[in-house]
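attaching a predicted model along with its sequence, questions to come.
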2 protein chains.
Amino acid sequence: MKLISQLSKETGIPVGTIRFYEKAGLFSGVKKQDVTTNNYVYYDQDVVEKIRFIKMAKAVGFTLAEIREVVDAWYKKQFTKNARLRVLDKKLVQLDEKIAELKAMKKQIAICKDNIANDRST
Amino acid sequence: MKLISQLSKETGIPVGTIRFYEKAGLFSGVKKQDVTTNNYVYYDQDVVEKIRFIKMAKAVGFTLAEIREVVDAWYKKQFTKNARLRVLDKKLVQLDEKIAELKAMKKQIAICKDNIANDRST
DNA sequence: AACAACCCTACAGTATACTGCAGGGTTTGA
DNA sequence: TCAAACCCTGCAGTATACTGTAGGGTTGTT
């Protein structure tokens, strides 16, 4: 159980951004019920994993709304087993689509490099 | 040589967005010098390819500024051969990084699916 | 000539995702 | 006890990437 600044250090995500993500419903910390003198929020290792996933998902172009679909399927128990699996399968398809686009871009850049190297630049 | 609405149809990108991209310096059309009665802009097949590349790059999370680096290396002749190749090589590294992230995400979602299927959900 | 269907510029407005205060309370170590 | 270093809420501001509208000209068909 860590406080927000510790979570920030472990994930490399600024405190303000963590709060923003939490308000957006991407994960949630807990208030310790035995502590009454403050309203500090604690986070466990689970949240570290989620933030790392969010970082990767953002890096490959998913919006926070799209990422939320996944984390909801990931840990929201009010959805049925099949509903959760359906969401995850849909995301796997999207991941494969992105991989295909990345490969197409690699090919195109390779052609472009070849053209430059041989002074056939468009 | 096509007008903007034709380009929009061929690429699936709205006319407004095409103008926005052109203003951002991602590509440029040409004015026909023999036509003096209007200021219509024409685009050739080259621009179609560039827009398709932009679509893919955006889908995998590149910003327009990052995409611009590539298209500049792609067709700006004022840069040296080596400078252009350097930019493209940097982008190839970034593409591989994104592919690695996508693969990591696929693995994580597969584990999550497995947990749900076996009722070990976190 | 008239009408639809284009073309242009310019600029205001929106959505997403932060980022940075202000203002105020708490914890911890010297 | 006092200061540094945390914690909280709330809200305004910024950057990026569009999206929409106003206002006006051109083209092509009937």
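Everything's here; your move.

can you tell me the SS state at the residue nearest the centre of chain A?
Chain A has A:Ile54 as the residue nearest its centroid, 1.4 Å off, counting by Cα atoms, centre = their mean. Look at A:Ile54: counting by DSSP: H, G, I helix; E, B strand; the rest coil, its state is helix.

isn't it up against A:Arg68?
No. The pair A:Ile54 / A:Arg68 is not scored as a contact, 9.4 Å apart, by Cβ atoms under 8 Å. C-betas here are computed from N, CA, C, even on glycine.

quickly list what's touching both of those two.
A:Leu26 (Cβ atoms under 8 Å, 6 or more residues apart in numbering or on different chains).

neighbours around the residue nearest to A:Ala117 when sequence neighbours are not counted, how many?
Counting by Cβ to Cβ, 6 or more residues apart in numbering or on different chains, A:Ala117 lies nearest to B:Leu85, which is 7.0 Å off, once chain neighbours are set aside. Using other Cβ atoms under 10 Å in any protein chain shown, B:Leu85 has 16 neighbouring residues.

now B:Leu85: how far from B:Met56?
21 Å (Cβ to Cβ, to the nearest Å).

so the closest residue to A:Met1 other than its chain neighbours bridges to which residues?
When the adjacent residues along the chain are set aside, A:Met1 lies closest to A:Tyr42, with 4.3 Å between them (Cβ to Cβ, 6+ apart). A:Tyr42 forms beta bridges with A:Val30, as assigned by DSSP bridges.

pretty sure A:Trp74 contacts B:Lys113?
No. With contacts counted by Cβ under 8 Å, A:Trp74 stays clear of B:Lys113, the gap being 9.8 Å.

for those two, indicate the residue with more neighbours.
A:Trp74 (23 against 18).

spit out the contact partners of the more buried one.
A:50, A:84, A:88, B:112, B:122.

distance-wise, check A:Leu7 relative to B:Val60.
Computed as Cβ to Cβ, the A:Leu7 to B:Val60 distance reads 28 Å.

for chain A, longest helix please?
Determined from DSSP state H, the single longest helix within chain A is helix A:81-117.

and the angle for it with helix B:81-117?
Interaxial angle of helix A:81-117 relative to helix B:81-117 (axes from the mean of the first three to the mean of the last three Cα atoms, to 10 degrees): 170 degrees.

tell me the gap between helix A:81-117 and the middle of its chain.
17 Å (Cα atoms, centre = their mean, to the nearest Å).

quick check: buried residues in that helix?
By neighbour count on 16 or more other Cβ atoms under 10 Å in any protein chain shown, the buried set for helix A:81-117 is A:84-85, A:87-88, A:91, A:94-95, A:98-99, A:101-102, A:105, A:108-109, A:112-113, A:116.

over to stretch A:7-19?
Under 16+ other Cβ under 10 Å, the buried positions of stretch A:7-19 are A:7-8, A:11, A:13, A:18.
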